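> Next come a sequence and a model predicted from it.
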Amino acid sequence: MTINGLRKIASAVLCAGLLVTAAACGTTDGSESNSSADNAAKFDVSTVQEDKAIAAKVPASVRDSGKLTVGMELSYAPAEFLAEDGKTPTGYDVQLSEALGRVMGLKTEIKSSTFDTIVPSVGTKFDLGITAMTITQERMDAVDFVSYYKAGSMWVVQKGNPKHVNTSDLCGMTIAVQTGTVQEEEANSIQQQCKADGKKSVDVQSMKQQTDAATNVAMGKADVFYADSPIGGYAIEQSDGQLEQLGENEGTVLQGIAIKKGDTAMAEVVQQAMQKLMDNGDYLKILKAWGAQSGAVDKAQINPAVKD
């Protein structure tokens, strides 16, 4: 695969493949600018208006700071990733976060972090975690959620499936996933089942960044990668025909905004602000700008019921 093709998979965030330093990829904690010409070309967040009634309900600890800090894993295009300058956050989760802040009368500040550290950091390092995160009961034991999107899981292989991957029998295969995701849990379950059945072992490659998982498949270092459907679809779209979906999407689930456990006031404000964006059409405009409207929902819920 060409270097240009690797760049396109995740809009210049495939740092491992391009031998760029990890710090430039945003894998360490730190503040990031939320102004972006890239964003402006997609949807003008500055048109989102403050709702004074909602803003008045923002907890004083957040309101007095004047900003809404949001933790994200910035390697998950098109939800959240770095623009071509290698430092500016962009994507539909970024714009939804900025829109939420504006409804609350706050300036949104995106904080870059690895996916598996976001839940433990909500309420300390971040006010919210917004990072294409599936709502699970295990996570709800640690944080509260407001639902805002739905996605399935997608298997992605090299074009033509040269490794002859069969999702009904993955024993003997190398599966690339992102650390801390639902897909990693499922891959580990497959690994355990193959072992219990006495079949060839499964190698689960757990990567800190989803883009590294996509890169490993594109370069033949893994046989298949497993990701949320919008992320897998975007990787395929940007791969210059080097990747393709294998089979159909599986298991549509809700994704949510993570909030400090027990912070009822903040959960209610986030739910009301997101519902306002859904009702006035800005939410769908943002998703459409990124080709992600298939995952739209029409109701934001606090701690919705989820399947075990």
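Cool, the structure landed.
> just the helices in the stretch 1-150 of the chain please.
With DSSP state H, counting those that start in this stretch, the ranges of helices along the stretch 1-150 of the chain come out as 3-9, 15-18, 37-42, 52-55, 60-63, 92-103, 115-121, 137-140.
> Go through the longest one and flag the buried ones.
Neighbour counts over helix 92-103 (16 or more other CB atoms under 10 Å) mark Tyr92, Asp93, Val94, Gln95, Leu96, Ser97, Glu98, Ala99, Leu100, Gly101, Arg102, Val103 as buried. (Glycine included, C-beta is placed from N, CA and C.)
> Could you export stretch 279-297 as CSV, CA atoms only?
Only the C-alpha atoms of stretch 279-297 are listed here, as CSV (Å, rounded to 0.1, in the frame of the first residue of the first chain):
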residue,chain,number,x,y,z
ASP,A,279,-35.0,18.9,18.0
ASN,A,280,-33.7,22.0,16.2
GLY,A,281,-31.9,20.1,13.5
ASP,A,282,-28.3,21.0,14.3
TYR,A,283,-27.5,17.5,15.4
LEU,A,284,-28.6,15.9,12.1
LYS,A,285,-26.8,18.6,10.1
ILE,A,286,-23.5,17.8,11.9
LEU,A,287,-23.9,14.1,11.2
LYS,A,288,-24.8,14.6,7.6
ALA,A,289,-21.8,16.8,7.1
TRP,A,290,-19.6,13.8,8.0
GLY,A,291,-21.7,11.1,6.3
ALA,A,292,-22.7,9.6,9.6
GLN,A,293,-26.4,10.2,9.6
SER,A,294,-27.3,6.5,9.5
GLY,A,295,-26.5,6.4,13.2
ALA,A,296,-28.8,9.2,14.2
VAL,A,297,-31.2,8.8,17.1
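> which residues are in contact with it?
Outside stretch 279-297, the residues that touch it by CB atoms under 8 Å, 6 or more residues apart in numbering are 42-43, 47-48, 78-79, 91-92, 95-96, 99, 147-151, 229-230, 234, 254-255, 274, 277-278.
> hey, least reliable of the helices of the stretch 1-150 of the chain by pLDDT?
Out of these, helix 15-18 stands lowest, with a mean of 32 (criterion: mean pLDDT).
> in stretch 210-225, what counts as buried?
Going by neighbour count (16+ other CB under 10 Å), the buried part of stretch 210-225 is 210-218, 222-225.
> for those residues, which one is nearest Ala83?
Ala83 lies nearest to Thr211 out of those, by CB to CB, at 13.9 Å.
> Following element in sequence after the strand or helix carrying that closest one, please.
Assigned by DSSP states H and E, Thr211 belongs to helix 210-218. Using DSSP H and E, the helix or strand that follows helix 210-218 in sequence is strand 224-228.
> Average pLDDT for that next one, rounded please.
94.
> Tell me the helices and strands packed up against it.
The contact analysis (3 or more CB pairs under 8 Å, 6 or more residues apart in numbering; DSSP states H and E) places strand 224-228 against strand 143-158, strand 174-178, helix 182-196, helix 210-218, helix 229-237.
> That strand vs helix 182-196, what angle?
On the basis of axes from the mean of the first three to the mean of the last three CA atoms, to 10 degrees, strand 224-228 is oriented at 140 degrees to helix 182-196.
> ok, strand 224-228: who's next to it in the sheet?
strand 143-158 (antiparallel), strand 174-178 (parallel) (DSSP bridges).
> May I have the shortest one as PDB, with CA atoms only?
Right, strand 174-178. Presented in PDB, the C-alpha positions along strand 174-178 are these (Å, rounded to 0.1, in the frame of the first residue of the first chain):
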ATOM      1  CA  THR A 174      -5.100 -12.300  13.700                       C
ATOM      2  CA  ILE A 175      -7.700  -9.800  14.800                       C
ATOM      3  CA  ALA A 176      -6.800  -6.100  15.200                       C
ATOM      4  CA  VAL A 177      -8.900  -4.000  17.600                       C
ATOM      5  CA  GLN A 178      -8.700  -0.900  19.700                       C
END
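> least trustworthy helix or strand in this structure by mean pLDDT?
helix 15-18 (a mean of 32; mean pLDDT, DSSP states H and E).
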